[in-house]
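Q: Sequence first, predicted model second:
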Amino acid sequence: RDNVLESISQIDGQIVIKVFGDDLEQLRDLSLQVLKQVQTVPGVARAFVDRLGELPQIQVRVDRARAARYGINVADVQDVIESALGGKAVTQVWEGESRFAVAVRLPEEERRLTSMQDLLISTPNGAYVPLSELATFRTVGGLMNIARENGKRVFAIGVFIRGRDMGGVVSDMQERVAENVKLPEGYSVTWSGEFENQERAMARLAIIVPISILIIFLLLFDAFKSFASALVIIANIPFSVIGGILALWLTGIYLSVSAAIGFIALFGQAVLNGVVMVTLFNELRSQGASLISAVSDGAMTRLRTVLMTALLASLGLLPMAISTGIGSETQRPLAVVVIGGLVTATLLVLFVLPVLYVVVSRRFGHLQADDEPARAADE
């Protein structure tokens with residue numbers, strides 16, 4: 001799970017809060033303020049500022065006035081320190097046609113704070129001055145990581161939630177941060193991570209799902225040449241939604257992108273069950289059966305088919321529904337929705353759909369174009 005979350009926003013956390021600004025100390029202070037507010041929100045299991053730890057560093061402060069008295073500028077001091085610690089190329093050697101740079105630096109045992117203070121720097125008049133005369137050295141703690149994004153420094157706060165839906169937790173966090181954390185000019189807070197992807201995906205699904213249902217309805221209308229038949233079959237979709245929602249509620253799983261995809265898969269299975277039932281009803285009525293006889297015989301005939309389809313799909317998804325390993329956070333919601341929806345969709349398609357078919361048939365007439373045999377049987 002952690003690898004999946006880190007691949008989304010490069011930060012370990014379901015929700016990632018990013019604080020942007022320029023000054024590192026102020027960014028750190030603002031990040032801790034945001035963290036304090038976030039930790040008080042119900043549903044937050046764990047929150048932390050990413051890579052906030054410190055590493056020991058040697059801080060060198062050059063006394064510019066004293067260096068100027070010796071005729072030495074800051075760049076000269078930096079060159080000596082750079083050469084001593086990191087090494088600096090001073091010449092080149094050739095070996096055949098290959099050229100190699102020759103760098104010099106202090107041996108490892110000399111690269112210590114006390115040894116560096118004794119380094120000698122030459123002055124313009126040929127004298128030598130120890131580095132300790134020109135600068136002060138001290139060991140301080142420094143940030144282990146200075147992150148940047150879009151050209152600005154950023155501190156990231158990772159948040160894990162438990163026991164509440166992600167949207168509700170984020171809404172509460174945004175409200176508390178807005179009320180209690182005052183951002184100076186030039187500083188901003190953004191919300192990303194799994195939450196950002198979920199919001200983006202939900203916005204797309206809000207457009208795609210209605211369009212998909214409309215296309216299914218048009219295809220059904222074209223296949224049956226009857227508005228009423230298509231309407232009866234589409235009515236099976238709400239039946240399946242009931243079971244999916246109940247399954248999420250009983251298992252304590254909140255609506256997510258994978259759960260929404262499960263509903264889409266469920267819609268297809270629900271429509272298929274409706275097509276199987278209505279097709280047989282229409283076929284029996286075309287053969288001269290009465291309305292009640294066609295519905296009762298058709299429901300009994302398709303009972304085994306519908307039950308076996310639902311049972312096979314549910315058993316196939318059962319391992320996903322009870323999984324707890326890596327990837328279960330995306331597999332379980334989808335499987336739970338489909339299994340729960342199939343339970344109610346199967347029961348309702350066997351009992352409610354036939355009743356709905358009878359009601360619509362009596363209201364609008366026979367649900368297919370060739371209705372003379374059926375009308376004669378009903379009479």
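A: Okay, I see it.
Q: pLDDT (mean, whole number) over stretch 126-143?
A: Regarding stretch 126-143, the rounded mean pLDDT is 81.
Q: And the contacts of that stretch?
A: Residues outside stretch 126-143 that contact it (C-beta atoms under 8 Å, 6 or more residues apart in numbering) are 24, 28, 51-52, 54-63, 66-67, 70, 72, 77, 80-81, 113, 116-123. Heads up, the C-betas are built off the backbone N, CA and C, glycines and all.
Q: Out of these, name the ones that lie in strands.
A: Those of the contacts of stretch 126-143 mapping onto strands are 54-62, 120-122, per DSSP state E.
Q: Any quick ChimeraX command for the buried ones out of the residues you listed?
A: To isolate in ChimeraX the members of these that are buried, counting by 16 or more other C-beta atoms under 10 Å, one can use:
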select :60,62,121
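Q: Pick out the lowest-pLDDT one from the ones in strands among the contacts of stretch 126-143.
A: The lowest pLDDT within the ones in strands among the contacts of stretch 126-143 belongs to Glu54, with 69.
Q: Tell me how far the residue most central in space within the chain lies from Val257.
A: The centroid of the chain falls nearest to Glu194 when counting by C-alpha atoms, centre = their mean (2.1 Å). Between Glu194 and Val257 the distance is 9 Å, computed by C-beta to C-beta, to the nearest Å.
Q: try Asp63
A: In this structure, Asp63 and Val257 are 60 Å apart, going by C-beta to C-beta.
Q: one step back: can I get the ones in strands among the contacts of stretch 126-143 in CSV including distance to Glu175?
A: Output for the ones in strands among the contacts of stretch 126-143, formatted as CSV (distance: C-beta to C-beta, whole Å):
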residue, distance to Glu175
Glu54, 32
Leu55, 36
Pro56, 40
Gln57, 39
Ile58, 44
Gln59, 41
Val60, 46
Arg61, 44
Val62, 48
Leu120, 61
Ile121, 58
Ser122, 63
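Q: What ranges in this structure fall below the confidence cut-off?
A: Counting by pLDDT under 70, the low-confidence segments of the chain come to 1-12, 53-54, 142-144, 326-327, 365-379.
Q: Please report phi then psi for Val337.
A: Per-residue torsions, Val337: phi -60, psi -50 (degrees, to the nearest 10).
Q: ok, which stretches of the stretch 101-250 of the chain are helices?
A: Secondary structure of the stretch 101-250 of the chain (DSSP state H, counting those that start in this stretch): helices at 113-117, 166-180, 194-224, 227-234, 236-251.
Q: Can you say which of those helices is packed in most?
A: Highest mean neighbour count among the helices of the stretch 101-250 of the chain (mean count of other C-beta atoms under 10 Å): helix 227-234, with a mean of 22.
Q: contacting residues around it?
A: Here helix 227-234 makes contact (C-beta under 8 Å, 6+ apart) with 213, 216-217, 220-221, 224, 271, 274-275, 278, 282, 353, 356-357, 360-361, 364, 367-368.
Q: Tell me how far it lies from the chain's centre.
A: For helix 227-234, the gap between its own C-alpha mean and the chain's C-alpha mean amounts to 37 Å (C-alpha atoms, centre = their mean, to the nearest Å).
Q: Just want the angle from that helix to helix 194-224.
A: Going by axes from the mean of the first three to the mean of the last three C-alpha atoms, to 10 degrees, helix 227-234 is angled at 140 degrees with respect to helix 194-224.
Q: and Ala265, what does it touch?
A: 334, 338.
Q: State whether it is indeed within a helix.
A: Yes: residue state for Ala265 (DSSP: H, G, I helix; E, B strand; the rest coil) corresponds to a helix.
Q: Against Val360, how distant is it?
A: Relative to Val360, and taking C-beta to C-beta, Ala265 is found at 27 Å.
Q: for Leu315, same thing?
A: 33 Å.
Q: the more surrounded of these two?
A: Val360 (18 against 10; other C-beta atoms under 10 Å).
Q: so which strand or helix has the more buried one?
A: helix 328-364 (DSSP states H and E).
Q: quick one, that helix and helix 227-234 angle?
A: Using the same axes, to 10 degrees: helix 328-364 against helix 227-234 is 150 degrees.
Q: Helix 328-364 packs against which elements?
A: Packing partners of helix 328-364 (3 or more C-beta pairs under 8 Å, 6 or more residues apart in numbering; DSSP states H and E): helix 227-234, helix 236-251, helix 257-286, helix 291-321.
Q: Flag every buried residue along the last one.
A: Right, the one you point to is helix 291-321. 291, 294-296, 298-299, 302, 306, 309-310, 313-314, 317, 320-321.
Q: what is the orientation angle of that helix with helix 236-251?
A: 40 degrees.
Q: Equivalent analysis for the shortest one, please.
A: Here helix 227-234 runs at 10 degrees with respect to helix 236-251, directions being taken by the same axes, to 10 degrees.
Q: could you check the angle helix 257-286 makes with helix 227-234?
A: Between the axes of helix 227-234 and helix 257-286, defined by the same axes, to 10 degrees, the angle is 140 degrees.
Q: Can I get helix 227-234 as PDB, trimmed to CA atoms?
A: Once non-C-alpha atoms are left out, helix 227-234 reads as follows in PDB (Å, rounded to 0.1, in the frame of the first residue of the first chain):
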ATOM      1  CA  PHE A 227     -39.600   2.200 -24.800                       C
ATOM      2  CA  ALA A 228     -41.400   0.300 -22.000                       C
ATOM      3  CA  SER A 229     -39.200  -2.800 -22.400                       C
ATOM      4  CA  ALA A 230     -36.100  -0.700 -22.200                       C
ATOM      5  CA  LEU A 231     -37.500   1.000 -19.100                       C
ATOM      6  CA  VAL A 232     -38.300  -2.200 -17.400                       C
ATOM      7  CA  ILE A 233     -34.700  -3.500 -18.000                       C
ATOM      8  CA  ILE A 234     -33.100  -0.300 -16.900                       C
END
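Q: Just give me the neighbour total for the residue nearest to Ala294 when sequence neighbours are not counted.
A: Distances taken as C-beta to C-beta, 6 or more residues apart in numbering put Leu284 closest to Ala294, at 3.8 Å, once the chain neighbours are dropped. Leu284 sits with 21 neighbouring residues when counted by other C-beta under 10 Å.
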